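A.B. asks: What follows is a protein structure lacking sequence information:
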């Protein structure tokens, strides 16, 4: 990974991706609360922000998602840019679509979810990962994670 001379470090990328995921999660919870049926108990999902223990667990989950999903999407998109040319920003949705199967696969294989539920969860995960990876990639203003690595000559 590049050093601090380029302004882009792993720590900075983790912070930016966690903040982006937190903002996306907050918007999702707020939208769900606003549009929830009053008889539906899903509006009680807001407790994740107000209960300290649940908020801490949720934040640790966001850090894990940033490290194990967002950063690999950024790294792989930049590797694909280096190997196959093109722009890393164009590769991010492709890589995010592949990475979105990791958290959605257990839901898709469960007996209670139908194809529409699984497809909606997968599309939502692709959108969340794509936005988080794009924002994270732009965080340092640097060109890539491996700035000093020469491009292949073949």
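C.D. replies: Alright, I've got the coordinates. Remember, predicted model here, so these are calculated numbers, not experimental data. Residues are numbered from 1 along each chain as shown.
A.B. asks: Pick out the residue nearest the middle of this protein.
C.D. replies: Centroid-nearest residue in the chain, with C-alpha atoms, centre = their mean: residue 129, separated by 3.1 Å.
A.B. asks: Figure out the helix or strand that it lives in.
C.D. replies: helix 115-138 (DSSP states H and E).
A.B. asks: buried ones in that helix?
C.D. replies: Of the residues in helix 115-138, 118, 121-122, 125-126, 128-137 count as buried by neighbour count, 16 or more other C-beta atoms under 10 Å. Yep, even glycine has a C-beta here, placed from its N, CA and C like the rest.
A.B. asks: hmm, who's touching that helix?
C.D. replies: Identification of contacts with helix 115-138 by C-beta atoms under 8 Å, 6 or more residues apart in numbering yields 13, 16-17, 20-21, 24, 66, 69-71, 73-74, 77-78, 88-89, 92-93, 95-97, 99-101, 103-104, 107-108, 113.
A.B. asks: Which members of those residues are positioned in strands?
C.D. replies: Judged by DSSP state E, strands contain none of the contacts of helix 115-138.
A.B. asks: Buried subset of these, written for ChimeraX?
C.D. replies: Listed next is the ChimeraX selection for buried residues among the contacts of helix 115-138, using 16+ other C-beta under 10 Å:
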select :13,16,17,20,21,24,66,69,70,71,73,74,77,78,88,92,93,95,96,97,99,100,103,104,113
